[in-house]
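1. Could you work out the structure for the sequence below:
(2 chains)
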Amino acid sequence: MTIMMYSGTVDKLLPLAIVTSGAVSMDMEVNIFVTFYGLLGFKKGMVETNQKFIKDFEEFVPMIKEQLKKKNIPSWYDMLKKAKETGKVRIQACSTACDMLDIKKGDLDPIVDEVVGVGTYLAEASESKVTLMM
Amino acid sequence: MSELKVTADKVVDARGTSCPGPLLETKRAIATIPVGTVLETISSDPGTKADIPVWAKKMGHEYLGTIEESGYWKIYVRRKK
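-> Below you'll find the predicted structure:
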């Protein structure tokens, strides 16, 4: 499975972690290509502190945050780390977006494996049975 | 399916965790038991009782059945490979 991760908000990072964990349970390899605002979500420090949600449904955010706590749902970051420990998950940062946002490999959390170009993403996506953009 | 008669060789209690926590715990646990033995996953997440039979089929294990308890399910899978 290949996922283009465009968003850096918790409402998309959480489904990213859930679908990746599910894929790992199914013995599927997962490549996550992180681009644009997605990169901001993967910055050092930001991975633990990010509280950003999309604005469209912002009136639901307090309820969602309460439910996440009440239902004991792990953070997207912990979930993704566990998926990576359990199966084959590679997280790649888009080089052009890194340039635009002035982000170096060292600015990103170590959960990110490497900085690659769109060619690597396409090579992997073309071999994948499942491709998603989030 | 309360007439299901099966003895588990290992039990994973994943109650209180939501999807896909119990499935991931099941995947990790089945790797630790010998082929031919039975794993019981206890889950309070309703998604898991749908997911484990599908997962078992895809992974080549044998789904044996589910026992519904009050507020949770006991799901049995035999490791086949």
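
2. can you pull out the strands in chain B?
-> B:10-13, B:38-43, B:62-68, B:73-78 (DSSP state E).

3. Let's have those in JSON lines, adding distance to A:Ile111 and mean neighbour count.
-> For every residue, glycine as well, the C-beta is placed using N, CA and C. Shown next, in JSON lines, are the strands of chain B (distance: least, C-beta to C-beta, whole Å; neighbours: other C-beta atoms under 10 Å in any protein chain shown):
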{"stretch": "strand B:10-13", "distance to A:Ile111": "26", "mean neighbour count": "15"}
{"stretch": "strand B:38-43", "distance to A:Ile111": "27", "mean neighbour count": "23"}
{"stretch": "strand B:62-68", "distance to A:Ile111": "33", "mean neighbour count": "16"}
{"stretch": "strand B:73-78", "distance to A:Ile111": "30", "mean neighbour count": "22"}
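
4. Output the ones you listed as a markdown table; include the columns distance to A:Val116.
-> What follows is these, written out as a markdown table (distance: least, C-beta to C-beta, whole Å):
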| stretch | distance to A:Val116 |
| --- | --- |
| strand B:10-13 | 37 |
| strand B:38-43 | 37 |
| strand B:62-68 | 39 |
| strand B:73-78 | 37 |
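
5. so what's B:Pro46 scoring on pLDDT?
-> Here the pLDDT value assigned to B:Pro46 is 85.

6. what's whichever strand or helix holds A:Lys82 in contact with?
-> Element membership for A:Lys82 (DSSP states H and E) is helix A:76-86. Helix A:76-86 has contacts (C-beta atoms under 8 Å, 6 or more residues apart in numbering or on different chains) with A:10, A:13-14, A:16-18, A:20-21, A:23-24, A:30, A:47-48, A:74, A:89, A:91, A:109, A:111, B:24, B:27-28.

7. Quick check on these: which are buried?
-> A:10, A:13-14, A:16-18, A:20-21, A:23-24, A:30, A:47, A:74, A:89, A:91, A:109, A:111, B:24, B:27-28 (16 or more other C-beta atoms under 10 Å in any protein chain shown).

8. Which of those residues fall within strands?
-> Taking DSSP E as the definition of strands, the buried ones among the contacts of helix A:76-86 contribute A:Val30, A:Val89, A:Ile91.

9. Distance to chain B for those - can I get that in CSV?
-> Below are these laid out as CSV (distance: C-beta to the nearest C-beta, whole Å):
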residue, distance to chain B
A:Val30, 13
A:Val89, 12
A:Ile91, 18
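
10. Would you convert those into TSV that also reports pLDDT?
-> Putting those into TSV (pLDDT from 0 to 100) gives the following:
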residue	pLDDT
A:Val30	98
A:Val89	98
A:Ile91	98
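
11. elements contacting the lengthiest helix in chain B?
-> For chain B, the longest helix by residue count, based on DSSP state H, is helix B:46-59. In terms of contacts (3 or more C-beta pairs under 8 Å, 6 or more residues apart in numbering or on different chains; DSSP states H and E), helix B:46-59 is packed against helix B:21-30, strand B:38-43, strand B:62-68, strand B:73-78.

12. CA atoms of the longest one as PDB?
-> This file holds the C-alpha atoms of helix B:21-30, laid out as PDB (Å, rounded to 0.1, in the frame of the first residue of the first chain):
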ATOM      1  CA  GLY B  21      -5.500  -2.400  18.300                       C
ATOM      2  CA  PRO B  22      -7.000  -5.800  18.900                       C
ATOM      3  CA  LEU B  23      -6.200  -6.900  15.300                       C
ATOM      4  CA  LEU B  24      -2.600  -5.800  15.700                       C
ATOM      5  CA  GLU B  25      -2.300  -7.600  19.100                       C
ATOM      6  CA  THR B  26      -3.800 -10.700  17.400                       C
ATOM      7  CA  LYS B  27      -1.200 -10.500  14.600                       C
ATOM      8  CA  ARG B  28       1.600 -10.100  17.100                       C
ATOM      9  CA  ALA B  29       0.400 -12.900  19.400                       C
ATOM     10  CA  ILE B  30      -0.200 -15.500  16.700                       C
END
